[in-house]
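Chemist: Let me see the structure of the following:
(2 chains)
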Amino acid sequence: MRLGLVIDMDTCVGCHACAVACKQWNTSGTTGALTDYRPYGEDPSGVWFNRVRHYEVGDYPNNKTVNIPMSCMHCQHADCVNVCPTGASYKRPEDGIVLVDQDKCMGCNYCAWACPYGARELDREDGVMKKCTLCVDRIYDEQLPPEERQPACVITCPAHARFFGDFDDDNSEVSRLVRERGGVKQMPELGYKPVNTYLPPRITRPIPIDDVRANRVVSSVKDWVNKMVAR
Amino acid sequence: MSALPEFENHSEQEIKYTTCYMCACRCGIKVTVQNNKVRYIQGNRHHPINKGVLCAKGNAGIMKQQSPARLHQPMRRKPGTERGAGEFEPISWDEALDMLSTRLQKIRETDPRKLAFFTGRDQMQALTGLWATQFGTYNWAAHGGFCSVNMATGGLYTTGFAFWEFGDPDWDRTKYHMLWGVAEDHASNPIKIGLEKLKRRGGKFVAINPVRTGYQAIADEWVGIKPGTDGLFALSMLHVLLKNDQFDWDFLVRYTNATQLVVQTPGQKGDGLILRDEAGNPLVWELEQEAFVDGTQVDIKPALFGEYTAPDGRPVKTVMTLLAERYLSEEYAPENTAKITGVPADQTERLALEMAHVAFKETIELDIEWTDSWGRKHDKVFGRPVSMHAMRGISAHSNGFQTCRAIHLLQIMLGSVDCPGGHLAKPPYPKHVPPGIKPAKECAPNTPLKSPPLGFPTAPEDLVIDDDGNPLRIDKAFSWDAPISNHGLMHMVVTNAVNGDPYPIDTLIFFMANMSWNSSMNTAEVMDMLRAKDDSGEYKIPFLVVADAFHSETVNFADLVLPDTTYLERYDTISMLDRPISEPAAAADSIRHPILEVDRDVRPWQEVMVELAGRLKFPAFTNDDGSRKFADYKDFIVNFEKEPGIGFLSGYRGKDGQTHLRGEPNPKQWEAYIENQGFFVHHLAPNQQFYRYANKEYLELAKHAGWVGKTDPITIELYSETQQRFKLAGQGLYDGPQPTKQEHKDRLTQFFDPLPIWHKPLEQTRIDEDEYPFYAVNQRPMFMYHSWDSQNAWLRQICAQNYLYMNRGKAESMGIEDLSWVWMESHNGRVRVQVKLIEGCEPSTVWTWNAIGKQKGAWGLKPDANESNKGFLMNHLISELLPKKGDPVDQITNSDPVTGQAAWYDLKVKITPADPEETSTWPDFETVKPAPGMTEAPDQLRYAAHKPVHLNRSIRDVLTRGSLDEDR
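Modeler: Predicted structure coming up:
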């Protein structure tokens, strides 16, 4: 299995629901608590596994706003794992999820430097590295109803811009979406083979207007002749 | 196989269902609770509103519950200290309630209007309104006057329903959606769910907004219009539709007043009113009979166009003739409107024609048998799959009512009203145009009002004014200043009360409203007004009561603070008597119930109101023997009946809980709601889902359920006779009350019109636009819209400082750099703000996120919080009165002249660079002291509902596999 996320940039409105759902679930999750620094003071910050970035493409008036949620891509070539000196970082062979064993991590930050996607977050209070687990404690928890065995970010997304599944299964929803919508990877040139895939905005169909354009436009109310329409 | 993590211990957890209140969207939530702590809040997948999803706010509910801003106990201003100094002393609930009820008793016995009770973003207006009615004061309203009353009024006086709580796009079928003035909205999750459905189906999404944030980001086409010109843009598209003969002729004839005849006698009484027979029925010209006939009849063939001479000799024209004459005018031609709206002519024309194509060439047909109001059966339903949604960017202008009507006019011309793919009503809407309730006009000691404080005037006789034409309400609602102010003018209460205009009051109660900060125009002066004293040293507003769960800036000014609970700690209803959670095809209402035990000495405001109602012996709350009718809020909700069988909750009624919509009280109704995940849904049959203005089966159900008073068909009012009556009053041609002051006459003649008009936003007519060249608007980000959560530890990490956003090219041409500090100045004052340059902003517009800026020390934030040092409020620049010109209009509210909607977005400003050393926000206010009992904000937060279940990689795995890298 190769588990990961598909994110639809055609419908992501940048609402941050996924980011906060992730924070909420995971602060009581496998690597919680996720520390918040100066939560009520100057420049509040904290440990988040998923952050939504906002960009603009093109100059006014031909500009478009693009929202890109970013979390661990669960790369096939996960250099964050290769560089880990303690063996705390690992990639599960059976599903490809990249995880950190909190008891083995010494907080050296090598993995954060190795990750080009900014997906690793050092919890300064705990002194260990934390990251997206694909909600490994949800997706395999058989005590949850089957429809809820999905990452918190996917379940909550109001714009249904997030999908979770097995990229090795050609029949999975994620594989189908990537195929049909021309899914793209982020920075593939770096060679990490990220699993998470982004769907580019759809091209809108052109709407014909010639069939509703009058040959001779109405110039005065007198141009209309009453029709016999019954009430 | 590597080890799976240990999973959390579900046996320690409990699942409860309730309704979110992180904003006004009212989503269903499934809450996992562990040891009286929230483990996880997720969307309830069975809930009609959010269908399992949940926004950023909803997901941050835990941090609302953790907020250090939570109030802990009732408090009063410490005797001998000044109001606003923030010196409080804790008192018991008994003391607080004794103090308040003694004072209220005295007011009620003498002059009940001396109590003004105004509420913020609550969702219990059915209860607060009933309370005020029973108290006997008409000085009550909620926050609609500074929120979106233009949208409610625009709709209810046109189609009988409106946007959001009143109606939704048919997201399942629409093929073309036009969104007007919405970055985020009340229906936060439904809009996102809907837009995704539309886009998945290949539909087109067009967004009209000066700023390309929020929903605009995913729009297929962005129309970066100039603020306040949307009405002209809509009417310009209407021009294109008329020019190209694209409108739904049959729809107009059948369901609207387009064929009714309008008297054309300018300068005479009766001009512009509908020609009627002796029974008051509107007349139309029948084409076969060639005669005037009662236009309410069916199977007649009325003329849509034409001018005739009425039997009494007066010239008349059909509504449609007047409409076409007006909007065919070159004034509305796209090449002429482009100069004002900034929307290129070819784009305006194309968008209008695209909608015409989708409406008329991609019509939907559904095989649904239905019966019209006249008993005729039909075997199909036709849909014009063009939908629209509009909100704050339309409503917060002084031309918002007319603009909203213009948008509805487009929908009506396209025939896309309550049909498949179009704009659908949500029960209890549609109502008759307008609803039949009239605002109360009299207050008397110890006597409930004869009708609710708010209602729907249709003529000057309905105004709440005295014999001399002066306002009777403290907010001057339903006066010549704003005759159709259906939601009141909460933004005027402090100013009017302090000025004693129309009269001084004794006690002002604010519930959940931040009126000394982000909910007031002219914030700094409002703070001064709250502290203002008369010559005898008495405060001009003698007693200010604030009920809130959190330590807001307004709490600081209270004489008495009544601390509320959070949404997870109380019983509450989202009632069918109010604006419930219905969906287009289903009537639905819902509840909240305590998920967590209260750990502070706080009480739900609902309970406090029921308690006060009992103490004050309101008739509806008192038995004949003088004893209390209701033990508490729960008891009240179960047993109160507005009319036989109709209560606050419509589900699970009857002794056995098996009767819905109308039925006897059910003593176990709360239990039934809780058992059913906190909500009730009544699905409409397919034959009740469309054309509900003239759908027999639907209207019969609606009457049974108490949603409408009669089953008569609802006539859609393209032409608003109500508007014309007020216009005639302004012209001195009305048989009834007429204004005596010239400024009122001018306003009625200029701004009331039976067909939508566009006029320049009022502020812009009273300032030098060359001096203040920029439009200035604000909006709320998706993660804080309609929320009280700038203090939320998670949400403020997304944004703790608002910038002033400017178009990059424009700013650079002025020498303004990204992240530099500038002065932003209006006719009313100035603020110092930090700039961010973006592409997605119409060049003559600047904007910011509203309500991020906080007073130092308020909301449990530390004094060094970004919100207080770098964030800012635009409110300081906005006057609650119109810009001064030295004429009588100086004293008139800065609001829509029809509805009294606060005209926040009419603002115009100039921008000048600040000195290099000026790198903080201005004005700067003193630091608010913490209230007694508040917990100090921590420097670090580590929230968890339980100890983490650690991931574990075995040493064997480390040693044998090393790192995993498939190909390298």
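Chemist: Name the secondary structure element that contains residue 198.
Modeler: You didn't say which chain, so I picked chain A. strand A:197-199 (DSSP states H and E).
Chemist: wait, I meant chain B there
Modeler: Assigned by DSSP H and E, B:Leu198 falls in helix B:188-200.
Chemist: is that helix anywhere near chain A?
Modeler: Yes - Helix B:188-200 reaches chain A (CB under 8 Å from any CB of the partner chain) through B:188-189, B:192-193, B:195-196, B:199-200. Where you see a C-beta, it was placed from the backbone N, CA and C, and this is true even at glycine.
Chemist: out of those residues, which are buried?
Modeler: The neighbour count (16 or more other CB atoms under 10 Å in any protein chain shown) marks B:188-189, B:192-193, B:195-196, B:199 as buried among these.
Chemist: among those residues, which one has the lowest pLDDT?
Modeler: In terms of pLDDT, the least confident member of those is B:Ser188, at 93.
Chemist: residues contacting residue 126?
Modeler: Answering for chain A, as no chain was given. Contacts for A:Asp126 (CB atoms under 8 Å, 6 or more residues apart in numbering or on different chains) come out as A:35, A:102, A:107.
Chemist: hm, I was asking about chain B
Modeler: B:575, B:577-578, B:648.
Chemist: CA atoms only for the strand or helix carrying it, dumped as CSV, please.
Modeler: B:Ala126 is part of helix B:125-135, with elements assigned from DSSP H and E. What follows is helix B:125-135 as a C-alpha-only set of coordinates in CSV (Å, rounded to 0.1, in the frame of the first residue of the first chain):
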residue,chain,number,x,y,z
GLN,B,125,-34.6,36.4,18.9
ALA,B,126,-37.8,34.5,19.3
LEU,B,127,-37.1,34.5,23.0
THR,B,128,-35.5,37.9,23.5
GLY,B,129,-38.2,39.5,21.3
LEU,B,130,-41.0,37.7,23.3
TRP,B,131,-39.3,38.9,26.5
ALA,B,132,-39.2,42.5,25.4
THR,B,133,-42.8,42.3,24.2
GLN,B,134,-43.9,41.0,27.6
PHE,B,135,-41.9,43.6,29.4
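Chemist: quick check: mean pLDDT across that helix?
Modeler: 97.
Chemist: now stretch B:7-23
Modeler: Computed over stretch B:7-23, the average pLDDT equals 96.
Chemist: same question, stretch B:214-222
Modeler: Rounded mean pLDDT across stretch B:214-222 is 96.
Chemist: And it, how far out from the chain middle?
Modeler: 23 Å (CA atoms, centre = their mean, to the nearest Å).
Chemist: Buried residues, the least confident helix or strand in chain B by mean pLDDT. List them.
Modeler: Scoring the helices and strands of chain B by mean pLDDT, DSSP states H and E places helix B:955-961 at the bottom, with a mean of 82. Using 16+ other CB under 10 Å as the test for burial, helix B:955-961 gives B:957-958.
Chemist: what packs against that helix?
Modeler: Helix B:955-961 sits against strand A:89-91, with contacts defined as 3 or more CB pairs under 8 Å, 6 or more residues apart in numbering or on different chains; DSSP states H and E.
Chemist: near chain B, anything from the next helix or strand after the strand it packs on?
Modeler: Next along the chain after strand A:89-91, taking DSSP H and E as the criterion, comes strand A:98-100. Yes - using CB under 8 Å from any CB, strand A:98-100 comes into contact with chain B via A:99-100.
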